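Colleague: Provide a 3D model corresponding to the input given below.
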Amino acid sequence: MASSKRSISASSSTQAQAAAFDETTAALRDIEELPLAERAPGYQALADRLRIELEQSDPSRPSDPSRHTG
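Modeller: Numbering: from 1, shown residues only. The predicted structure follows:
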């Protein structure tokens with residue numbers, strides 16, 4: 001029973017990772033379609049989103065809003 005729970009958890013984790021990858025790929029594609037002079041805000045927003053997702057995915061990392069810069 002425990003191994004089936006692990007495989008379900010691994011499967012949903014893999015699906016979540018695939019969805020996040022697809023969202024990131026789409027965001028990059030949208031940014032790259034903009035004129036060069038207009039891309040910086042899109043890249044910054046994507047970087048901010050990815051940083052937040054990474055910080056939230058690390059359970060050992062304490063949440064400290066004062067560490068954010070921007």
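Colleague: residue 50 contacts residue 24, doesn't it?
Modeller: Yes - using CB atoms under 8 Å, residue 50 makes contact with residue 24 at a distance of 7.1 Å. For the C-beta atoms, the positions are set from N, CA and C on the backbone; glycine is no exception.
Colleague: who's in contact with residue 30?
Modeller: residue 42 (CB atoms under 8 Å, 6 or more residues apart in numbering).
Colleague: show me where pLDDT drops low in this protein?
Modeller: Along the chain, the model assigns pLDDT under 70 to residues 1-10, 63-70.
Colleague: so what's the residue most central in space within it up against?
Modeller: By CA atoms, centre = their mean, the mean C-alpha position of the chain lies nearest to residue 50, the distance being 3.9 Å. Residue 50 makes contact with residue 24 under the criterion CB under 8 Å, 6+ apart.
Colleague: and the one 3 residues further on, by the same measure?
Modeller: Residues near residue 53 by CB under 8 Å, 6+ apart: residue 20.
Colleague: list the buried residues in the one helix or strand it maps to.
Modeller: Using DSSP states H and E, residue 53 sits within helix 40-57. Within helix 40-57, the residues scored as buried using 16 or more other CB atoms under 10 Å are 42, 46.
Colleague: thank you kindly, that will do.
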